[in-house]
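Visitor: predicted structure and sequence below. I'll ask about it afterward.
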Amino acid sequence: MPSLIDFRRRIRSVKNTQQITKAMKMVSAAKLRRAQERVVAARPYAQMLQQILSNLVEAGVESEELAGSPLLSPQPEKRIQVLLLTSDRGLAGAFNANIIKGAQRFIADHPDQSIDLELMGRKGRDFFRRRQYPMSGEHLGLFDRPSYEAAAQIARKVTGRLQANEIDSVYLIYNEFKSVLSQKLTVSRILPIAPPAGGRQVDYIYEQDPEQLLNHLLPRYVEVQIYQAMVETAAAEHAARMTAMDAATTNAADVIEKLTLHMNRVRQASITREIIEVVSGASALE
Amino acid sequence: MAAPNLILEVATPERLLVRERVTEAQIPAADGYLGVLPEHAPLVAELGMGELTYTEVNGKRNSMVVLGGFLEIRNNHIRVLADRAERIDEIDVKRAETAVKRARQRLDLPGGQVDIARALNALKRAEARLAAAGVPLRGRGGTA
């Protein structure tokens, strides 16, 4: 049976852990707010771009022009490039485990295709490197301050590989930030581009050749999707960590309560024993 | 009835800079400045580099620098999708000045060593920033 001192030590240790989880929760909450602002700030551009693109498609930028671009014409998917977005740091609940599981499912669902992984985030990188899975590249430290430039670079790389006919399609796998309490695993194809539907028929004046315009718009569209996935991942990571740390803090409180109860029982028992000893000692003398 | 207002939206991939009712706007398109008044015909164009100015409904004039991108005009709604954009007070004049110097130096180097298009682009960006910030361009014509 553990002694009083053992209990005191355990309680102190759990209290220390609790302080750490509480601090981490608060840090994550602050970071989450900033990350959320970034998600919101990135939305107008993405929406406007999507609208212009769908309008251009609807306005009949001719289908032959579209068909010519490898960015738009789907090929039979034999070689798939996957962009996998995980966080750099752990202690975020099931955040990374879910994404990695999603990626493994994706790989299992495409047994006939070769899959190249481009890993954004340390956790996914470590996982697939340990299993010596073919990788086309890795990017660490993206999510502290997600920059558009970084997204654009990755977009240029995968677009270049597609144009050089090294791959047939590109998928994004990431955690979408649904709310503070839930993240949604998202798998979406970004290349070849499926032009957004729902455009309106507008009789545009074209200052530039529509084809040239599309040649500039389409890569931008890919970049924006990667950037959005990045800011969403950053926000989702902080949200997941905040929830996980909140749960950990509550658990620590429960453990402390239980330990304190046990400790008091042990203390009471020893007091009772001592009294009995004193009393029986005294009665033996009579 | 008074002429309807225009809505001007300027956004970069990272943030929205302006969403405002305006009475007119001057926008640097790739092939020259566009003056936009209400009831403009629908238009799509590439954005150039330069100063974008507009007049708010209360008559206040405002401007910013935009550096490449796209613009769409439709239903009295101007959507400017800039690759980069800064409000005048956000322009880092010092940085732009050193960028101009550096770009000119690179362009002066013997050919083959420099990515000319990149250096020219950097020069154009920096000059657009300085022009928008109202800094006179010094030492023009010496190079290039």
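Guide: Received it, and whenever you're ready, just let me know what you need.

Visitor: residue A:41 sits in which helix or strand?
Guide: According to DSSP states H and E, residue A:41 maps onto helix A:4-58.

Visitor: what's near enough to touch the residue in chain A that chain B sits nearest to?
Guide: Of all residues in chain A, residue A:207 sits closest to chain B, at 3.3 Å by CB to the nearest CB. Just so you know, the C-beta spots here come from the backbone N, C-alpha and C atoms, and that holds for glycine as well. By CB atoms under 8 Å, 6 or more residues apart in numbering or on different chains, the contact set of residue A:207 is B:29-31, B:34, B:43-46.

Visitor: so what's the backbone phi/psi at residue A:200?
Guide: Per-residue torsions, residue A:200: phi -100, psi 150 (degrees, to the nearest 10).

Visitor: would you agree it is in contact with residue A:57?
Guide: No: look at residue A:200 against residue A:57 with CB atoms under 8 Å: they stay out of range, at 10.7 Å.

Visitor: between the two, tell me which one has more neighbours.
Guide: Between residue A:200 and residue A:57, counting by other CB atoms under 10 Å in any protein chain shown, residue A:57 is the more crowded of the two (18 against 12).

Visitor: give me the nearest residue to the more buried one, chain neighbours excluded.
Guide: residue A:195 (4.4 Å; CB to CB, 6 or more residues apart in numbering or on different chains).

Visitor: what does residue B:14 give?
Guide: residue A:148 (5.3 Å).

Visitor: how far away is that neighbour from residue B:90?
Guide: Applying CB to CB, to the nearest Å, the value for residue A:148 to residue B:90 is 16 Å.

Visitor: quick one: which of the two has more around it?
Guide: Neighbour count, other CB under 10 Å: between residue A:148 and residue B:90, residue A:148 has more, with 22 against 12.

Visitor: angle of the host helix or strand of residue A:225 against helix A:4-58?
Guide: Assigned by DSSP H and E, residue A:225 belongs to helix A:210-285. With axes from the mean of the first three to the mean of the last three CA atoms, to 10 degrees applied, the angle from helix A:210-285 to helix A:4-58 works out at 170 degrees.

Visitor: would helix A:210-285 count as contacting chain B?
Guide: Yes: with CB under 8 Å from any CB of the partner chain as the measure, helix A:210-285 is seen reaching chain B through A:210, A:212-213, A:216-217, A:220, A:223-224, A:227.

Visitor: right, and the helix or strand after the worst-scoring helix or strand of chain A on mean pLDDT?
Guide: Here the helix or strand of chain A ranked lowest by mean pLDDT, DSSP states H and E is helix A:63-68, holding a mean of 57. Tracing the chain past helix A:63-68, the next element assigned as helix or strand by DSSP H and E is strand A:79-85.

Visitor: show me what the helix or strand hosting residue A:126 is packed up against.
Guide: Residue A:126 belongs to helix A:122-130 when assigned by DSSP H and E. Judged by 3 or more CB pairs under 8 Å, 6 or more residues apart in numbering or on different chains; DSSP states H and E, helix A:122-130 is in contact with strand A:79-85, helix A:95-109, strand A:114-120, strand A:135-139.

Visitor: list the neighbouring strands of the first one plus their orientation.
Guide: Strand A:79-85 has its sheet partners listed here by DSSP bridges as strand A:114-120 (parallel), strand A:169-177 (parallel).

Visitor: so which bits of that strand are buried?
Guide: Within strand A:79-85, the residues scored as buried using 16 or more other CB atoms under 10 Å in any protein chain shown are A:79-85.

Visitor: just want the angle from it to helix A:122-130.
Guide: Using the same axes, to 10 degrees: strand A:79-85 against helix A:122-130 is 140 degrees.

Visitor: just the last one next, same as before
Guide: Strand A:135-139 runs at 150 degrees relative to helix A:122-130, counting by the same axes, to 10 degrees.

Visitor: tell me which residues of strand A:135-139 are tucked away?
Guide: Buried residues in strand A:135-139 (16+ other CB under 10 Å): A:136-139.

Visitor: greatest separation within these: which pair is it?
Guide: A:136 and A:139 (11.0 Å; CB to CB).
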